[in-house]
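Enquirer: Turn this into a model:
(chains A and B)
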Amino acid sequence: MIDTFLMSFRLKNAYQTNGIIYSLKSIPVIKKLLPVSLYRSPGLKRLANFVSILWEIISTFLSKLLYLFIMIFLLKDHMKSSPANSFMHIFFFLTVAGGFLNTQIFDPTRDKYYAIFLMRMSARKYMLSNYFYFLLKIVVGFLPFTLLLGLLSGIPMVICLLMPLFVVSVKLVFTAFALHSYVRTGHAKNENKFNPVALIGIAASLVAAYLLPFLGYAINGAIFLTLFVISAVMAVFSFSYVLKFREYRSICKELLTADSFVMNRKDMAARAVQKSLQTNIEIKATSSKSGYQYFNDLFVQRHSMLLTKSAKYITLISLTVLAFSITACFLIHEAKPVINGMMLTFLPYFLFVMYFINRGKVITQAMFMNCDHSMLTYRFYRQPRAILFLFTERLKSIIWINLMPASVLAFGLPLLLWLTGGTDNVLNYVLLFVSIVAMSVFFSVHNMVLYYLLQPYNIGLEIKNGTFSILNSFTYFVCYFAIGKKVPTLIFGTLISVFCIVYIAVALILAYRLAPKTFKLR
Amino acid sequence: MKLILNHIVKSFDKKEVLRGASFAFEKGKIYGLLGRNGSGKTTLFNCINEDLKIDNGSILLEENRVKRELCPDDIGYVLSTPVVPEFLTGREFLKFFLDINMKKIPDIKPIDEYFNFVKIGMEDRDRLLKDYSHGMKSKMQMLVSFIANPCILLLDEPLTSFDVVVADEMKRLLRQIKKDHIIIFSTHIMELALDLCDEIVILSGGVLENMEKDDLSNEAFKDKIIQALRKDEND
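Expert: Now for the predicted structure:
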């Protein structure tokens, strides 16, 4: 079994190494410097290999540290129960939630597919050895931090030492149950797929984890120890069940088929989008236009479920929030100055809101998936005139769709400002309106231009363009950092409006110049 | 009319796929382009269709002894896997195509006539292309490549996805239109090439070579072709 494990570890390492080289090669400038023969180069391979192993070690520890620190340690002081009890309590219930979330065995990953079906390794040996490695990583990764953070919270050392073993016990029990349910139903549950029972279990555990200690009800050391002993006893039986289980291969067969085969969570999200992109076509829609307008019109209408409906929902939600705020103004007297102050200084926050509610990215993905990936193979569709004409049509649609929710904010914010006592400078009203509209158009243009200039997707909606990922993360971080910055609306509104207008102009000029060359299949 | 390929070179990184491929394809004939897997058939098509830039050489069209560069309207390219806009019905796709190519198509016919031409039934014309079978999608793709009436037709493994009846229809159709076109048909099914094509051209070692049948029997000709394709191994 150790041989199988070492082999599978080497296999995983080999493609992680290649993955590192591949992602290096997708960064613009570096790409030019690196030849294809890189995959053979022993020096770089060793380096990438080293990085890959280093990452394995760091992730083992770092993920556990972050988890304990952020999810438990930071929050324990805000509870009514004592820090030590809160820590143990939250840890207990989050571990139960983790049992629902991930057992490793029912998580369909690329590693398993490669090893078991392509390399024809023994499924049982592969699954078990990797499962034990997974459990070992839990113990080793958790131990230093349950000790450190546990002792700091005032938990007895014995319990700190037992905590990692508790996690392992819970994993084992959940795994045994999942295996048993496979025997009973003949159906392997894919962990990455929506499962109502698991979802309810996770939700209930989360509520129990945080709400109970917040209200002052938390388990103490004695109860924790009792629960640990119970779970440990169950884990012993579970362990023997997992070890004796014979049908790993058939589980893998069911989990790792082309349809359910999901490489990772990000991929799953892409696939879910893809699926929704492909199914919701409403044939009823018609159009009286012609040519590219006809084409775009039908596209938008046939995918209204995906394109306009969510924008309409966001509009509705914005209206509700607005109505709520207006009511608050009238009912709660203290709310007025707070909201008034927000309108005059909180505009940067709306940069993030506008980023968040903009449907541009999903719309461009839908354009690619449902239209461009097939149409771009036709030469007439790639003619500069055609590309630019359709670009204009689409830009109109995308701006229009995004303006629906934006208009609620654009009218709502000045209204709120007025209702809460107004301001001396009339310009504030204008700027609130203009900057919200400008930001909405900005994000629409930004998404469209990035799509047309970089066309980053392949057929699986994986992003195959390093520049695109970098620009996207950059946009996100800029918007994210705007949160909580208090800048007078007069200043921020003016700056952001001017920036948006300049950006839109430059981006459109770039798109009209370059899109005919850059808009193509990868 | 002739399509003249002159010493075409194309490499990817350091792998040289086309190493000076030259050939003159004439109007009125169907050329079968045979080559082994990975020999560069699709690369050659992509170069002719300007999807890929060639590193060296030239691709010209000779008409009445005058040579000129190719323009997009000269070429119809049918891919081996059919791709169509799935959110449109067959009729809508054709309407859209006719709308935007109105000026280029000499005599536009009613849409149903085009459907008749490729034998797509009445009941299917107003269904979403998403629900078309593989073969029907291929037909649609071929149809839009034919309608614009380009003088060069590049067909990349087009008949493999058709059932025998449709494949036979398509063969007839190609024979019917060949007198006005230069048709290059890539395949690695030798029987199909021998059955349908007037000339066999092999792509081997990055160059094009015409296979003369002379007075060989079919079997002997097949052997000759296989021998020629084997050369790749010895390179």
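Enquirer: Show the pLDDT at the residue of chain B found nearest chain A.
Expert: Chain A sits closest to B:V83 of chain B, with a gap of 3.6 Å, by CB to the nearest CB. From N, CA and C alone the C-beta is placed, and that goes for glycine too. For B:V83, the model assigns a pLDDT of 84.
Enquirer: now swap in A:L461 and tell me
Expert: Reported pLDDT for A:L461: 69.
Enquirer: just B:L155 next, same as before
Expert: As predicted, B:L155 sits at a pLDDT of 91.
Enquirer: cool, A:F194 as well?
Expert: 68.
Enquirer: Indicate the residue of chain A located nearest to chain B.
Expert: A:S374 (3.6 Å).
Enquirer: next one: phi and psi at that residue?
Expert: Torsion angles at A:S374 (phi, psi; degrees, to the nearest 10) stand at phi -90, psi -40.
Enquirer: if we can go back for a sec, so the residue of chain B closest to chain A lies in a strand, does it not?
Expert: No. Counting by DSSP: H, G, I helix; E, B strand; the rest coil, B:V83 is not found in a strand; it is coil.
Enquirer: Surely it and A:D372 touch.
Expert: No. Contact criterion CB atoms under 8 Å: B:V83 and A:D372 do not qualify, at 10.3 Å.
Enquirer: more neighbours, these two?
Expert: A:D372 (22 against 18; other CB atoms under 10 Å in any protein chain shown).
Enquirer: Distance check, the more buried one against B:T187.
Expert: 29 Å (CB to CB, to the nearest Å).
Enquirer: which residue ranges form the strands in chain B?
Expert: For chain B, applying DSSP state E gives strands covering B:2-12, B:15-26, B:30-35, B:56-63, B:66-69, B:75-78, B:152-156, B:182-187, B:199-204, B:207-211.
Enquirer: and the angle from the second one to strand B:207-211?
Expert: Taking axes from the mean of the first three to the mean of the last three CA atoms, to 10 degrees, one finds strand B:15-26 and strand B:207-211 inclined to each other by 40 degrees.
Enquirer: Sheet partners, orientation included, of strand B:15-26?
Expert: Strand B:15-26 pairs in its sheet with strand B:2-12 (antiparallel), by DSSP bridges.
Enquirer: next one: the last one
Expert: The sheet places strand B:207-211 alongside strand B:199-204 (antiparallel), with pairing taken from DSSP bridges.
Enquirer: now A:S397, nearest residue through space, not along the chain?
Expert: Once flanking residues are discounted, A:S397 sits nearest to A:V300: 5.1 Å by CB to CB, 6 or more residues apart in numbering or on different chains.
Enquirer: Which strand or helix spans that neighbour?
Expert: Element membership of A:V300 [criterion: DSSP states H and E] is helix A:291-302.
Enquirer: so after that helix, what's the next helix or strand?
Expert: Using DSSP H and E, the next helix or strand after helix A:291-302 towards the C-terminus is helix A:304-331.
Enquirer: Next, work out how far apart A:V437 and B:F115 are.
Expert: Applying CB to CB, the value for A:V437 to B:F115 is 47 Å.
Enquirer: Let me fix that, I meant to ask about A:L256.
Expert: In terms of CB to CB, A:L256 sits 42 Å off from B:F115.
Enquirer: by contact count, what packs against the helix ranked longest in chain B?
Expert: Ranked by number of residues, the top helix in chain B under DSSP state H is helix B:218-234. Secondary-structure packing of helix B:218-234 (3 or more CB pairs under 8 Å, 6 or more residues apart in numbering or on different chains; DSSP states H and E): strand B:30-35, helix B:190-196, strand B:199-204, strand B:207-211.
Enquirer: Now do the longest one: everything it contacts.
Expert: Contacts of helix B:190-196 from elsewhere in the structure, counted by CB atoms under 8 Å, 6 or more residues apart in numbering or on different chains, are B:30, B:32, B:34, B:159, B:171, B:174-175, B:185, B:187, B:200, B:218, B:221-222, B:225.
Enquirer: next one: the first one
Expert: Contacts of strand B:30-35 from elsewhere in the structure, counted by CB under 8 Å, 6+ apart, are B:25, B:41, B:44, B:174-175, B:178, B:182-188, B:190, B:192-194, B:196-204, B:225, B:229.
Enquirer: Can you tell me which of these are buried?
Expert: Buried members of the contacts of strand B:30-35, counted by 16 or more other CB atoms under 10 Å in any protein chain shown: B:25, B:41, B:44, B:174, B:178, B:182-188, B:190, B:192-194, B:196-197, B:199-204, B:225, B:229.
Enquirer: related to what we said a few turns ago, weakest of the helices and strands packed on helix B:218-234 by average pLDDT?
Expert: When I compare the helices and strands packed on helix B:218-234, helix B:190-196 is least confident, with a mean of 86.
Enquirer: Chain A contacts on chain B?
Expert: B:13-14, B:49, B:72, B:75, B:77, B:79, B:83-89, B:92, B:95-97, B:99-101, B:128, B:130, B:144, B:148 (CB under 8 Å from any CB of the partner chain).
Enquirer: In helices, which of those fall?
Expert: B:E92, B:K95, B:F96, B:F97, B:D99, B:I100, B:V144.
Enquirer: which sections of the stretch 301-450 of chain A are below the confidence cut-off?
Expert: Scanning the stretch 301-450 of chain A for pLDDT under 70 picks out no residues.
Enquirer: follow-up on the earlier one: how deep is the residue of chain A closest to chain B tucked in, by neighbour count?
Expert: 24.
Enquirer: B:F87 is in contact with that one, correct?
Expert: No. Taking contacts as CB under 8 Å, A:S374 lies outside contact range of B:F87: 10.0 Å.
Enquirer: could you dump stretch A:130-140 to PDB, C-alpha only?
Expert: C-alpha atoms of stretch A:130-140 as PDB (Å, rounded to 0.1, in the frame of the first residue of the first chain):
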ATOM      1  CA  ASN A 130      -4.500   8.600   0.200                       C
ATOM      2  CA  TYR A 131      -7.300   8.600   2.700                       C
ATOM      3  CA  PHE A 132      -4.900   7.700   5.500                       C
ATOM      4  CA  TYR A 133      -2.500  10.300   4.200                       C
ATOM      5  CA  PHE A 134      -5.400  12.800   4.400                       C
ATOM      6  CA  LEU A 135      -6.100  11.800   8.000                       C
ATOM      7  CA  LEU A 136      -2.400  12.000   8.900                       C
ATOM      8  CA  LYS A 137      -2.200  15.500   7.500                       C
ATOM      9  CA  ILE A 138      -5.200  16.500   9.700                       C
ATOM     10  CA  VAL A 139      -3.400  15.300  12.800                       C
ATOM     11  CA  VAL A 140       0.000  16.800  12.000                       C
END
